[in-house]
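A.B. asks: here is a sequence with its predicted model. Questions after.
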Amino acid sequence: MNIFEIKRLCDVDSMSFSKLFFVLFVLFVFVGPIFVSKTFGADSENVVASVIEKAENSVVSAYEAILDAEQIGANVSDLLAQLNVAGICLANARAFYALGDFENATHFANLCYDIGEEVRSEAVELKNEVHKLWVNAIWLRMTTSIVGVIFVVFLSFLVWGIFKRRYQKRILGMKPEVVSGES
């Protein structure tokens, strides 16, 4: 065998290999999407389910933050209205998920998550604000009480001093009476 015969044999094998590769490639292109779409569909369904779960957790934490803020006396009516909007978005996300529309389900779940996190942070800020006002009010009451006690004590000593001087003047201003019959 010379070099030319070997080269001719290699060309034939490479030609049949390229035909085989082409046939497999065409088969993969047409059959692959059937398997890939089901796999990606299952993955996207799991992703959407986790996004919806994250949105639910956001709404729950926002609700708990609102309850905490309400317990210390904050006005949470605006926050509850925003939380209702988040609940509507969550309901829409669940409805689209049930219908298999994962794009809209993801959109509404992300919207719900964003609203829930915003409401939670506003509730925490409101709670901190009310708590700060409460602490300031306590400091004001304590300071006022201490100043009041000091004022009452000072005033008591002042009144006692005035009373003592008047009493002494009155006692010293009296003339002693001599009683007869006493030894």
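C.D. replies: Great, that's in hand.

A.B. asks: moving C-terminal of the lowest-mean-pLDDT helix or strand in the chain, what's the next helix or strand?
C.D. replies: When each helix and strand of the chain is scored by mean pLDDT, DSSP states H and E, helix 3-71 comes last, with a mean of 70. Tracing the chain past helix 3-71, the next element assigned as helix or strand by DSSP states H and E is helix 77-99.

A.B. asks: what residues of that following helix count as buried?
C.D. replies: Residues of helix 77-99 classed as buried: 79, 82-83, 86-87, 89-90, 92-94, 96-97 (neighbour count, 16 or more other CB atoms under 10 Å). Quick note: C-beta positions are derived from backbone N, CA and C, even for glycine.

A.B. asks: and which of those residues is nearest residue 180?
C.D. replies: Nearest to residue 180, judged by CB to CB, of those is residue 79 at 93.1 Å.

A.B. asks: show me the contacts for that closest one.
C.D. replies: By CB atoms under 8 Å, 6 or more residues apart in numbering, the contact set of residue 79 is 62, 66, 69, 119, 122-123, 126.

A.B. asks: what score does it have for pLDDT?
C.D. replies: pLDDT for residue 79: 93.

A.B. asks: and for the one 4 residues further on?
C.D. replies: On the pLDDT scale, residue 83 is placed at 93.

A.B. asks: closest to the centroid, which residue in this protein?
C.D. replies: residue 120 (3.3 Å; CA atoms, centre = their mean).

A.B. asks: tell me the gap between the helix or strand hosting it and the middle of its chain.
C.D. replies: Using DSSP H and E, residue 120 maps to helix 102-173. Here helix 102-173 is found 26 Å from its chain centre; the criterion is CA atoms, centre = their mean, to the nearest Å.
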